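A.B. asks: Kindly return the folded structure for what I paste below:
(2 chains)
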Protein chains: 2
Amino acid sequence: MKGVRVGICGCGTVGTGVARLLTENRELIESRLGVRLILAKVADIDTETDRGMRFESGVFVSDARAVVEDPQIDIIVEMIGGKGFAKELILNALNRGKHVVTANKALLADFGDEIFAAASGKGVDLAYEASVGGCMPIIKTLRESLVGNRIRSMTGILNGTCNYILSRITEAGVDFQTALAEAQRCGYAEADPTLDVEGFDTAHKLAIINALAYGMRINLPDIYVEGISKITPLDIALAREFGYTIKLLAISKDRGDSVEARVHPTMITLSNPLSNVSANLNAITVAGDAVGDMMLYGFGAGMMPTASAVVGDIVDIARNMVSNSAGRVPLLAYQEKSLRPLPVMPMDQIVTNYYIRFAALDRPGVLSKISGILGDLSISIKSVHQKGRRSETAVPVVMLTHTAKEADVKSAISRICELDIIRDAPTLIRMEDANGDDPDMDIS
Amino acid sequence: MKGVRVGICGCGTVGTGVARLLTENRELIESRLGVRLILAKVADIDTETDRGMRFESGVFVSDARAVVEDPQIDIIVEMIGGKGFAKELILNALNRGKHVVTANKALLADFGDEIFAAASGKGVDLAYEASVGGCMPIIKTLRESLVGNRIRSMTGILNGTCNYILSRITEAGVDFQTALAEAQRCGYAEADPTLDVEGFDTAHKLAIINALAYGMRINLPDIYVEGISKITPLDIALAREFGYTIKLLAISKDRGDSVEARVHPTMITLSNPLSNVSANLNAITVAGDAVGDMMLYGFGAGMMPTASAVVGDIVDIARNMVSNSAGRVPLLAYQEKSLRPLPVMPMDQIVTNYYIRFAALDRPGVLSKISGILGDLSISIKSVHQKGRRSETAVPVVMLTHTAKEADVKSAISRICELDIIRDAPTLIRMEDANGDDPDMDIS
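C.D. replies: Coordinates of the predicted model:
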């Protein structure tokens, strides 16, 4: 084989990074792969912006469709994003028997069934390491390294924007809007940050890795999603006081005949390795029946870290081409006939520990009323904390519960909110690894 | 293909774990791989010990050589350890055209050239993920995920025994011998702990990953090795006081025309993610030119975590068999013709920060004499600390240096030791990420 010809569609930040890496490390990559990766075409409608690198003559073009339809090109790297043109290009490439690399989690989370079916039907490879966790090799780890393991759970910090914002609120005590504005100034958050801060990007990633871990279909709509925009410095300070930090986590757990799959701000103990993941970094812990707990940690986004993952995928596919072994690893980790219709557990049924903060008037009997309602619903209280005393305005009252069912906690909260001593909507934050969850400490 | 037949040679802890995993998760593995892995033979001279599992009739045998020579068996899993019989079996298997999986880092570090040449000559696969870092997929990450990166450095905690012992000295303030005895009681240290505590096991692992990272030959003899047996609770307490912890690290750095490769106790700042790696866990950070810094973290040893890595290797090879693509990834990450004779930098030439503790008599002029010698050799002192005052016996005097050359530091120490105010041999601990290394703070 003379070389493998690569076409990049979309030359924004990551697309440029991929072009740069393929160019700057060309000899190095060839010394590992054994054949040359040829950067045949790079397409972007913006042909003006300086990408800080020189393309060989004829390589940079404006028409991505022509790149996909170029019979000389073996691997299409989709770096356009979005679910319109990107989807059309990917399906077009797959249907032409070309292999595809993408980092487009939103597209895979929404249209994975259709796209993977197209790849599978043509017997071509579709690689997407960069779609989850940037440079952390979570896709390869789940599809290959952990192949002998029944995956028990995964817990991930998969969105650098949210982690940066929560870290800033934690370190500097600023409010969400200030931290968001900072993240935008540093280039860690988009002008419209909704996809990131409301947890949707994390949910896209969770939908993908859940499929790989459990052999289920990609199931985005059933994932519970709650973002970080309501997290206050007060809650973070209180969490710290109790020995916790707040992170936006993607959580999935094997529950036998269903899977928990949820994205929400979560209190974790300071001894949890995820609590040390700072700034815009990503990390994921995976628990398997053989492997125990393992963790991957690194940059979840950014030009060159993401390009590193994309180039890893390109080389993987090139190796399959060289050895004529496309489809060597099943696209979604499991043989297609083994995929199971594994449902996501309804959020109401999950059982965890809760932090609930009420704003209550400081009147005699407040605690008795609140804890009475919790007791009626069999929710055991681990500790209660009233912060300060004021005669007229409400004070924060925080309850940490033992493990309780989400539905019961929700019922209790709505009944508590009807009490005339309660002001404002309460804040509920789930706790993932509540320490000292000792029945003896039950004070309710 | 009807199935892939696996023979395990050596049914100790990890061999038993592999047999268990292949048996208990057989259906799961088949649902991912697409063909069945058949546990055809398990050989061990000890046929009496109860392995806690039932083998099918005829599977468990006493003669490992017969397993290797059984023409029905496709993949030999060498779980015997040592460099004698294990080496003979592996070479025998490779020469018969069988693929081999091993976790035997000592063997690969010493005889890798011969063994990899045999595999390469026969065009068969030799997989060894479990040889470094147990369940952490560092081999796959270096060979595959980071294929687009020039590796800049690697820093690893690769020996659970040492990490357990250092963690115990740190947490409980016990001395080395007490912590070692504890580790032995817990099963984290062998009866003869030399290989672990003197750093040799870590050096074996570093020799392997260096080859993968830089495309050099496995070069064990040139790696500098210093163990943890001389680390005292006093040094750990002083380290803590200065904001550091002490870990046994494998350190490698790309220096252009050479590579630093060294294993020694190292002071790292508490903000370094490796400082949080506790008990018998392993972790490794890899810096690449594209990926930035990434880290893998997990169990470096133990029955099932190691078995998980071995089964990952077995499945990788089975996938190559199914798709007829043996040798799809070069055995040592680089094409053979690209391997470079990259030398290891002599230890005398490395430049780093140093912690040096002297036992000195508390006499006027002590600091002036010591710092005068350091100054003569152009070693800048960052801070000096004298602990306590005593009239007759020696007190600890600690110096933290700015970056200095190892050869100069060694010369200075030997000259300082000739002073009549110095008692006992000084303690030297290298510092890997000295924070606040600010020239303004130079007090020498």
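
A.B. asks: From now on I want contacts and neighbour counts done on CA atoms only, so please keep to that.
C.D. replies: Noted.

A.B. asks: Can you report how many residues neighbour whichever residue of the stretch 101-250 of chain A sits closest to chain B?
C.D. replies: For the stretch 101-250 of chain A and chain B, the shortest gap (C-alpha to the nearest C-alpha) falls at residue A:145, measuring 4.9 Å. Here the number of neighbours of residue A:145 (other C-alpha atoms under 10 Å in any protein chain shown) works out to 26.

A.B. asks: was I right about it contacting residue B:138?
C.D. replies: No. Counting by C-alpha atoms under 8 Å, residue A:145 stays clear of residue B:138, with 10.0 Å between them.

A.B. asks: Point out where the stretch 1-150 of chain A drops to low pLDDT.
C.D. replies: Within the stretch 1-150 of chain A, the segments meeting pLDDT under 70 span A:1.

A.B. asks: What of the stretch 251-400 of chain A?
C.D. replies: Residue ranges of the stretch 251-400 of chain A with pLDDT under 70: A:391.

A.B. asks: Show me which residues of it are close to chain B?
C.D. replies: Counting by C-alpha under 8 Å from any C-alpha of the partner chain, the residues of the stretch 251-400 of chain A close to chain B are A:273, A:276, A:290-299, A:304-309, A:311-313, A:315-316, A:319-320, A:323-325, A:328-330, A:333-335, A:338.

A.B. asks: please redo it, this time with the cut-off set to 7 Å
C.D. replies: Within the stretch 251-400 of chain A, the positions near chain B by C-alpha under 7 Å from any C-alpha of the partner chain are A:290-298, A:304-305, A:308-309, A:311-312, A:319, A:323, A:325, A:328, A:333-335, A:338.

A.B. asks: Those in helices, which ones?
C.D. replies: Counting by DSSP state H, these place A:304-305, A:308-309, A:311-312, A:319 in helices.

A.B. asks: So how do I select the buried members of those residues in PyMOL?
C.D. replies: For the buried members of these, the matching PyMOL selection, counting by 16 or more other C-alpha atoms under 10 Å in any protein chain shown, is:
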select buried, chain A and resi 304+305+308+309+311+312+319
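
A.B. asks: can you redo the ones in helices among the residues of the stretch 251-400 of chain A next to chain B as TSV with distance to residue A:433?
C.D. replies: Shown next, in TSV, are these (distance: C-alpha to C-alpha, whole Å):
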residue	distance to residue A:433
A:304	34
A:305	30
A:308	33
A:309	31
A:311	36
A:312	34
A:319	42
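
A.B. asks: Of the ones in helices among the residues of the stretch 251-400 of chain A next to chain B, which is the nearest to residue B:357?
C.D. replies: Nearest to residue B:357 among these is residue A:305, at 40.7 Å by C-alpha to C-alpha.

A.B. asks: so what's that closest one closest to, chain neighbours aside?
C.D. replies: Counting by C-alpha to C-alpha, 6 or more residues apart in numbering or on different chains, residue B:291 is the residue found nearest to residue A:305 once chain neighbours are left out, at 4.1 Å.

A.B. asks: Is it correct that the residue of the stretch 101-250 of chain A closest to chain B is in contact with residue B:314?
C.D. replies: No. Using C-alpha atoms under 7 Å, residue A:145 is not in contact with residue B:314, being 10.2 Å away.

A.B. asks: Distance of the nearest residue to the residue of the stretch 101-250 of chain A closest to chain B once chain neighbours are set aside relative to residue B:174?
C.D. replies: Nearest non-adjacent residue to residue A:145, counting by C-alpha to C-alpha, 6+ apart: residue B:312, 4.9 Å away. Counting by C-alpha to C-alpha, to the nearest Å, the gap from residue B:312 to residue B:174 is 39 Å.

A.B. asks: got it, and residue A:407?
C.D. replies: Separation of residue A:407 from residue B:174 (C-alpha to C-alpha) stands at 49 Å.

A.B. asks: And for residue A:51?
C.D. replies: Distance of residue A:51 to residue B:174, computed by C-alpha to C-alpha: 58 Å.

A.B. asks: same thing with residue A:58?
C.D. replies: Residue A:58 sits 69 Å away from residue B:174, going by C-alpha to C-alpha.

A.B. asks: Which one's more surrounded, the two?
C.D. replies: Set residue A:58 next to residue B:174 and count neighbours by other C-alpha under 10 Å: residue B:174 wins out with 16 against 9.

A.B. asks: Doesn't that one lie inside a strand?
C.D. replies: No. Applying DSSP: H, G, I helix; E, B strand; the rest coil, one finds residue B:174 to be coil, outside a strand.

A.B. asks: check contacts around it.
C.D. replies: Neighbouring residues of residue B:174 by C-alpha atoms under 7 Å, 6 or more residues apart in numbering or on different chains: residue B:233.

A.B. asks: for it, phi and psi?
C.D. replies: The phi/psi pair for residue B:174 (degrees, to the nearest 10) reads phi -80, psi 170.

A.B. asks: measure it to residue B:426 for me?
C.D. replies: As judged by C-alpha to C-alpha, residue B:174 and residue B:426 stand 21 Å apart.

A.B. asks: can you check residue A:396 too?
C.D. replies: Look at residue A:396 and residue B:426: by C-alpha to C-alpha, they are 56 Å apart.

A.B. asks: now do residue A:31
C.D. replies: Counting by C-alpha to C-alpha, the separation of residue A:31 from residue B:426 is 46 Å.

A.B. asks: repeat for residue A:20
C.D. replies: Distance from residue A:20 to residue B:426, counting by C-alpha to C-alpha: 50 Å.

A.B. asks: likewise residue A:98?
C.D. replies: 65 Å.

A.B. asks: do the same with residue A:365
C.D. replies: Taking C-alpha to C-alpha, one finds residue A:365 at 66 Å from residue B:426.

A.B. asks: Of those two, which one has the most company?
C.D. replies: Higher neighbour count among residue A:365 and residue B:426: residue B:426, with 19 against 10, using other C-alpha under 10 Å.

A.B. asks: State the helix or strand in which the more buried one lies.
C.D. replies: Assigned by DSSP states H and E, residue B:426 belongs to strand B:422-431.

A.B. asks: what's the distance between that strand and the middle of its chain?
C.D. replies: Relative to its chain's centre, strand B:422-431 lies at 25 Å (C-alpha atoms, centre = their mean, to the nearest Å).

A.B. asks: Stretch A:162-173 too?
C.D. replies: Between the centre of stretch A:162-173 and the centre of its chain there are 18 Å (C-alpha atoms, centre = their mean).

A.B. asks: do the same with stretch A:53-60
C.D. replies: Its chain's C-alpha centre and that of stretch A:53-60 lie 35 Å apart, by C-alpha atoms, centre = their mean.

A.B. asks: again with stretch A:251-259
C.D. replies: Relative to its parent chain, stretch A:251-259 has a centroid offset of 17 Å by C-alpha atoms, centre = their mean.

A.B. asks: Tell me the buried residues in it?
C.D. replies: Those buried within stretch A:251-259 under the rule 16+ other C-alpha under 10 Å are A:251-254, A:258-259.

A.B. asks: Would you mind checking which of those residues is nearest to chain B?
C.D. replies: Nearest to chain B out of those is residue A:254 (C-alpha to the nearest C-alpha; 14.2 Å).

A.B. asks: Just say helix, strand or coil for the closest residue in space to the closest one that isn't next to it in sequence.
C.D. replies: For residue A:254, the nearest residue in space outside its immediate sequence neighbours is residue A:152; the separation is 5.2 Å by C-alpha to C-alpha, 6+ apart. At residue A:152 the chain is in strand, as set by three-state DSSP.

A.B. asks: what number of residues lie near residue A:152?
C.D. replies: Close neighbours of residue A:152, defined as other C-alpha under 10 Å, add up to 20.

A.B. asks: That one contacts residue A:287, doesn't it?
C.D. replies: Yes. Using C-alpha under 7 Å, residue A:152 makes contact with residue A:287 at a distance of 5.4 Å.
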